[in-house]
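Novice: Have a look; sequence and predicted model below, questions after that.
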Amino acid sequence: ILALEGLILDENPAREDMPKAFETPAVLITNYDLKIKSGYLNPQHNLRMDSVQTALLFEGRKKEMCREIARKIINSGANVLFSEGDIDPHIETLLRDSNILAFKKLKIKDL
């Protein structure tokens, strides 16, 4: 159980190594997934992961997109994030490194 001033939350953080206490929490609530879906890679497209270089380029672009999402959250000034959706592990790491506590897969009724 995590207690913020005026709030008791019976949820686990997205990562165990995220910060636990804040003097003045600034909360951001999202109702969507914070992850990059690779659904556009399917048999209908002419994209093939036929080499290590292609896979590395794809992974590099995915990480850059995650950095962009994390940068927006960081620039919002929030230090606590409540997300109804899932959060990409790379984004979780970036948020932790910026001293942001994140909760994922919360039910809308709990938000």
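Specialist: Thanks, I have it.

Novice: any idea where the strands of the chain begin and end?
Specialist: 2-4, 7-9, 27-30, 80-83, 101-103 (DSSP state E).

Novice: With mean pLDDT, mean neighbour count and distance to Glu16 added, can I get the ones you listed in TSV?
Specialist: To be clear about C-beta, it is placed using only N, CA and C from the backbone, and glycine gets the same treatment. Shown next, in TSV, are those (pLDDT from 0 to 100; neighbours: other Cβ atoms under 10 Å; distance: least, Cβ to Cβ, whole Å):
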stretch	mean pLDDT	mean neighbour count	distance to Glu16
strand 2-4	57	13	12
strand 7-9	69	11	15
strand 27-30	93	16	20
strand 80-83	95	22	16
strand 101-103	96	23	11
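
Novice: want to try TSV for the ones you listed, with distance to Ala55 as columns?
Specialist: As requested, these are exported to TSV (distance: least, Cβ to Cβ, whole Å):
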stretch	distance to Ala55
strand 2-4	38
strand 7-9	38
strand 27-30	29
strand 80-83	28
strand 101-103	28
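
Novice: out of those strands, nearest to His90?
Specialist: Across those, His90 has its closest neighbour in strand 101-103 (12.5 Å, Cβ to Cβ).
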